[in-house]
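K.L.:
Would you be able to build a 3D model of this:
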Amino acid sequence: VQLVESGGGLVQPGGSLTLSCAASGFTFSNYDMNWYRQAPGKERELVAQIRSIAGSTHYAASVKGRFTISRDNAKNTVDLRMYSLKPEDTAVYYCNARNRFTTAYVYWGQGTQVTVSS
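P.N.:
Residues are numbered from 1 along each chain as shown. Now for the predicted structure:
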């Protein structure tokens, strides 16, 4: 099982960035996909979620209206488009897969750094 994130980097406040997560080794369409983030000294928090069925989405209040999560079940990928980035969005962003039938199967990527700074 692998979740490989890409697309992180340094961006100025107000800028945009797209993170991508490529999944392999499991039946992608059976998994809800999530993006978490963890800033230094803070707990990991759920940023955005997209369900396996119907593709319904959920966002943290802090990013709602600025971030968009999407998935492509044919390509086994999930993206996080981030707009109007703020310094407080600086964190390591993690891709997460959670089986929709059981909590026994949860997978994490290695994380990608996003830094918002001028």
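
K.L.:
Report the beta-bridge partners for the residue nearest the centre of the chain.
P.N.:
By Cα atoms, centre = their mean, the chain has its centre lying nearest to Trp35, at 2.4 Å. Beta-bridge partners recorded for Trp35 (DSSP bridges): Ala48, Cys95.

K.L.:
Pretty sure it sits against Ile69.
P.N.:
Yes. Counting by Cβ atoms under 8 Å, Ile69 is a contact partner of Trp35 at 6.4 Å. C-beta here means a position set from N, CA and C on the backbone, and glycine is covered the same way.

K.L.:
what residues are shared contacts of these two?
P.N.:
Common neighbours of Trp35 and Ile69 are listed as 48-49, 78, 80 (criterion: Cβ atoms under 8 Å, 6 or more residues apart in numbering).

K.L.:
Looking at neighbours, which among these is most surrounded?
P.N.:
Among the shared contacts of Trp35 and Ile69, Val78 has the most neighbours (other Cβ atoms under 10 Å), with 29 neighbours.

K.L.:
What are the phi and psi values at that residue?
P.N.:
Backbone dihedrals for Val78, given as degrees, to the nearest 10, come out at phi -140, psi 130.

K.L.:
and the gap between it and Asn34?
P.N.:
In this view, Val78 and Asn34 are 8 Å apart by Cβ to Cβ, to the nearest Å.

K.L.:
overlap in contacts of the two?
P.N.:
Listed as contacting both Val78 and Asn34 by Cβ under 8 Å, 6+ apart are 50, 95.

K.L.:
Format the shared contacts of Trp35 and Ile69 as CSV; extra columns: pLDDT and distance to Thr90.
P.N.:
Output for the shared contacts of Trp35 and Ile69, formatted as CSV (pLDDT from 0 to 100; distance: Cβ to Cβ, whole Å):
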residue, pLDDT, distance to Thr90
Ala48, 98, 17
Gln49, 97, 21
Val78, 98, 21
Leu80, 98, 15
